[in-house]
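A.B. asks: quick one, what's the 3D model for this:
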Amino acid sequence: MRKLCCSLEDSASSSSSVSRFPFGSSSSRLTFADSVMSRTLRRAEPIIMKWNPETTTIVAVTSMFYESRREAGELIQWVNNLQKAMRLVVMENTNPEKLVRAQDLMQIAMKRLQKEFYQILSMNRAHLDPESVSTRSSRFSTRSASTSGCEEEDDDDHSRIANRSISEVEDASRIAMADLRLIAECMISCGYGKECVKVYKIIRKSIVDEGIYRLGVEISNPSLIRKMNWEALDLRIKSWLNALETAVKTLFDGERMLCDHVFASSESIRESCFTEVARGGAMILFGFPENIVKNSRKFPEKVFRALDMYAAISNHLPEIESIFSFDSTANIKSKALNSLSPLNEYVRAALNDFESVIQKESSKTPTAGAGIHDLTINAMNYLSLLADHRNILNEIFQESPPPELNLLPESYSGLITDPDDPPPPPISVKIAWIVLAVLCKLDTKSQFYKEVSLSYLFLANNLQYVVVKVRESNLLHMLGEKWLALHECKVKQFAASYERLGWSHVIESLPSDPSSVTSFEQVKQTFKTFNLTFDEACSKQSLCVVTDNRVRDDIKESLGRKIFCSYREFYDIHVRTMNGDRNSAVLVRFTPDDVGHRLSDLFFGNVELGASLSFNSSAVPVRQHAAR
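C.D. replies: Residues are numbered from 1 along each chain as shown. Purely as a prediction, here's the structure:
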C-alpha cells in the first residue's frame, strides 16, 4: 500500500497519511484506501476526460498517440493506477460512490484506448509486418564502387536516401508495435482484453485474407479446374508457387511476429489471435496442391509442376512448423503436411503411367535412315527433365519398395553393385527400369528393318542418343558412371555389328595383301568384285543417317582403314596392269579419291555432296570430334 501511495503522491504526503492512520486498525485501512482512490481520481480524471471520444468531434477523430505521445503515456499510467486503486477499494470494501466514479472513468478510458488501438492498426498497415520491413530493406543495395566522379556522388545520394527511407520505415514499425503492445497490456490487465482482441482479429484477418488474395491464391471450384487447359492451369500453379514463398516467409511469419509482440503478456490471447487471423488464408494456401492434382485433367507436363509444388512445401516445412506451433494451429500444419501425400501419389502414378505408355507403344514403321525414333527422343527428354528434380524424387520414392534390382539384366542395368556397396536409391532403380523399357521397345522396332545391318545402325543411333542424354543431364547422377560406361560399350558393339553386316562383303572383296595378286585375271576379278560390292553397299547405305558426330566419325574412320586404305594400296599396285586392257575404264570405275568421297558423303541422309568431310588419297583420315 505504501508503494502504491508513493507512486500517486510525493513521499512526504504519503508518510503523513500513513502516520495518521496506523495499519493496526480496520478504520485506518478503510481511510487509507479511500485516500488512495481520492488522489488517483483527482489526477486521472482530467487526462481521461480530455481524451473522452464522446466529448467533441475533434477528440473523436484525433489520435492521442499521434498528437501527444507524452499524454498518451500519462493516460495509460493513470489508468493502471486507477485499476490498482479500484482493487484496493474492492478488497477493503470502502466508499462505493468513488468506486462507481472510477468505473465510469475506466470505461471512458477503455473506449479511448480501443479507438487508439484500432487507429494504429488501420493507419500503419504497411508498417506492422517486421518481415516486410526486412524484405523492403533488401531491395535497396548500394551500387558498384567501380564508378567514379559524378556517378560515385549519385550512388552516395541514392544510398543516403535509401538508408533514410529504411530507417523511417523501421522507426514507424517499431513505434506502432510498441504502442499496440502498451495499449494491449493495459486493456488486458484492466479486464478489457476481449474488446482489444476483437479489434485486432477483425483488422489483421482482413489484411491476411487480402494478402492471400493479392498473391493470386483463391478457392477454386473443382469443376472449374477440370475445365482448365494446360496453359491456364500452369499459370495458376506458377502463381501459387510464388505465393507460397511470400506467404510463408513474409505474410504468416510477419503476422506471428506481430502477434507475439503485441500480446506478449498473454500466451492464450496470442494463440487465439494468431489462429483466428491466419487460419482461413493458410487453409486456402495449403489446400491448393491437393485440389489441383485431384481435380485437373492429366497433362504430361503436370508431373513437373507436381514436383515443384512438393518441393516448395517440403522445403518450407520447418518454417511452417515454427510459425504454426500453437496447438490450435495443428490442423494448419496437418493441411500443409498432408498436401504432400496426393502429390506423392500423383508423381508415382505418373511414372508408372509413363512406363506403361512406353510398353504399349506399337508403331511398326521403321525410322527413315535408321535414325532416332520419336519414342527415344520423347522418353529421354521426359526423363532428363525428371532428373532435374532428383532430390525430390529421392524423397518421394524413399519409402517405396523399388523394382527388384536383381531382376534387371546386368547387361542393361549397370546398377549392380558390389556386396559391400550400399544399394542404389529406389528412384535410380525406377529410372533404370524405365530406360530398360525404352531399350526393349527399340530392340523390337529394330526388327522391322529388312536389312539386318540397318537394325544394328538403328540400335546404335538410338542408344547413343540415350547415352548422350544421360551424360549431359542429371540422369548421370541417378544411373552412375558404371551404367554410362556399360551402354557406351554397347553402342560400339552395335556400330561394329552394322559395319560387319553392311560392309563385310566390300572389305572381303579386297585382298589383305595386294601384292599377292599376281595374274591379270585375278586383278581384273578383284576390281570387278569391288566395283559391284562397293556400289551396292553405297546404294543401300546412302540414305542412312548417323546423328551423333562421334559415332559417325568412328564408323567412317573404321571404314576408311578397312576399305579406303586397302583399295588405295591395291589400286596403286595394279592400276597400270589394267591400263593395257581396252575395258580398263569399265573395270576400274573408282579411283581412291572416288572411294573416299563416297564414304565421306555417307551417314548424313539426303545432303548435297561435298557438305561433309572428304577422305584424301595421301593419308588415312584423322578422327574428328565435332562440337556437340
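A.B. asks: may I have stretch 450-457 as CSV, with CA atoms only?
C.D. replies: Taking Å, rounded to 0.1, in the frame of the first residue of the first chain, the C-alpha atoms of stretch 450-457 are listed here in CSV:
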residue,chain,number,x,y,z
LYS,A,450,14.6,-55.7,-93.9
GLU,A,451,18.4,-55.2,-93.8
VAL,A,452,19.8,-56.6,-90.6
SER,A,453,22.7,-54.1,-90.8
LEU,A,454,20.2,-51.3,-90.6
SER,A,455,18.7,-52.8,-87.4
TYR,A,456,22.1,-52.5,-85.8
LEU,A,457,22.6,-49.0,-87.0
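A.B. asks: buried sites along it?
C.D. replies: Buried residues in stretch 450-457, defined by neighbour count with 16 or more other C-beta atoms under 10 Å: 451, 453-457. C-beta: built from backbone N, CA, C; applies to glycine.
A.B. asks: stretch 337-357 too?
C.D. replies: Under 16+ other C-beta under 10 Å, the buried positions of stretch 337-357 are 339-340, 342-344, 346-348, 350-351, 354-355.
A.B. asks: run the chain-centre distance for the helix or strand residue 311 falls within.
C.D. replies: Using DSSP states H and E, the element containing residue 311 is helix 302-323. Relative to its chain's centre, helix 302-323 lies at 8 Å (C-alpha atoms, centre = their mean, to the nearest Å).
A.B. asks: cool, stretch 252-260 as well?
C.D. replies: 25 Å.
A.B. asks: 16 is where my numbering starts, stick with that
C.D. replies: That works, and once the first residue is 16, the last one we named lands at stretch 267-275.
A.B. asks: any idea of the mean pLDDT for it?
C.D. replies: Here stretch 267-275 scores 92 as its mean pLDDT.
A.B. asks: mind pulling up the phi and psi values for residue 312?
C.D. replies: Backbone torsions for residue 312, taken as degrees, to the nearest 10, come to phi -70, psi 170.
A.B. asks: how about residue 560?
C.D. replies: phi -130, psi 140.
A.B. asks: list the contacts of it.
C.D. replies: 383-386, 476, 618-620 (C-beta atoms under 8 Å, 6 or more residues apart in numbering).
A.B. asks: report the lowest-confidence entry in those residues.
C.D. replies: For the contacts of residue 560, the pLDDT minimum is residue 620, 69.
A.B. asks: before we move on, back to that, export the buried residues of stretch 465-472 to CSV and tack on secondary structure, pLDDT and distance to residue 480?
C.D. replies: CSV is the format used below for those (DSSP: H, G, I helix; E, B strand; the rest coil; pLDDT from 0 to 100; distance: C-beta to C-beta, whole Å):
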residue, secondary structure, pLDDT, distance to residue 480
466, coil, 89, 21
468, helix, 92, 19
469, helix, 93, 16
470, helix, 95, 16
471, helix, 95, 15
472, helix, 95, 13
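A.B. asks: nearest to residue 581, of the residues you listed?
C.D. replies: Of all those, residue 468 has the smallest distance to residue 581: 19.7 Å, by C-beta to C-beta.
A.B. asks: correct me, but the closest one touches residue 520?
C.D. replies: No: contact status for residue 468 versus residue 520: not in contact, 10.6 Å apart, counting by C-beta atoms under 8 Å.
A.B. asks: spell out which residues make up each domain of the protein.
C.D. replies: 17-138, 212-358, 376-507, 524-615 (automatic domain parsing).
A.B. asks: what separates the longest one from the chain centre, distance-wise?
C.D. replies: It refers to domain 212-358. The answer for domain 212-358 is 16 Å, by C-alpha atoms, centre = their mean.
A.B. asks: got the end-to-end distance for that domain?
C.D. replies: End-to-end distance for domain 212-358, by C-alpha to C-alpha, to the nearest Å: 38 Å.
A.B. asks: next up, the contacts around the closest residue to residue 458 other than its chain neighbours.
C.D. replies: Closest residue to residue 458 apart from its sequence neighbours, by C-beta to C-beta, 6 or more residues apart in numbering: residue 474 at 7.0 Å. Contacts for residue 474 (C-beta under 8 Å, 6+ apart) come out as 457-458, 461, 509.
A.B. asks: now residue 380
C.D. replies: residue 463.
A.B. asks: need the three-state assignment for it.
C.D. replies: coil (DSSP: H, G, I helix; E, B strand; the rest coil).
A.B. asks: for it, give its distance to residue 529.
C.D. replies: 44 Å (C-beta to C-beta, to the nearest Å).
A.B. asks: before we move on, the earlier item: out of the contacts of residue 474, who's nearest residue 261?
C.D. replies: Of the contacts of residue 474, the one sitting nearest to residue 261 (C-beta to C-beta) turns out to be residue 457, at 46.1 Å.
A.B. asks: quick one: the closest one is in a helix?
C.D. replies: Yes: judged by three-state DSSP, residue 457 forms part of a helix.
A.B. asks: got the contact list for it?
C.D. replies: 388, 390-391, 473-474, 477-478.
A.B. asks: among those, the buried ones, what's the ChimeraX command?
C.D. replies: ChimeraX command restricting those to the buried ones, with burial defined by 16+ other C-beta under 10 Å:
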select :388,390,391,473,474,477,478
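A.B. asks: so where's the chain uncertain?
C.D. replies: Within the chain, the stretches with pLDDT under 70 are 16-46, 48, 71-76, 107-110, 144-184, 415-436, 594-600, 620-643.
A.B. asks: what helices or strands is the helix or strand where residue 49 lies leaning on?
C.D. replies: Counting by DSSP H and E, the element that carries residue 49 is helix 41-65. On a contact count with 3 or more C-beta pairs under 8 Å, 6 or more residues apart in numbering; DSSP states H and E, helix 41-65 meets helix 17-23, helix 26-35, helix 84-107, helix 111-138.
A.B. asks: how about CSV for those, with mean neighbour count added?
C.D. replies: Shown next, in CSV, are the helices and strands packed on helix 41-65 (neighbours: other C-beta atoms under 10 Å):
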stretch, mean neighbour count
helix 17-23, 15
helix 26-35, 13
helix 84-107, 18
helix 111-138, 18
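A.B. asks: can you pull the contacts of the nearest residue to residue 224 once chain neighbours are set aside?
C.D. replies: Nearest residue to residue 224 in three dimensions, chain neighbours excluded: residue 296, at 5.4 Å (C-beta to C-beta, 6+ apart). Neighbouring residues of residue 296 by C-beta under 8 Å, 6+ apart: 223-224, 226-227, 232, 262, 266-267.
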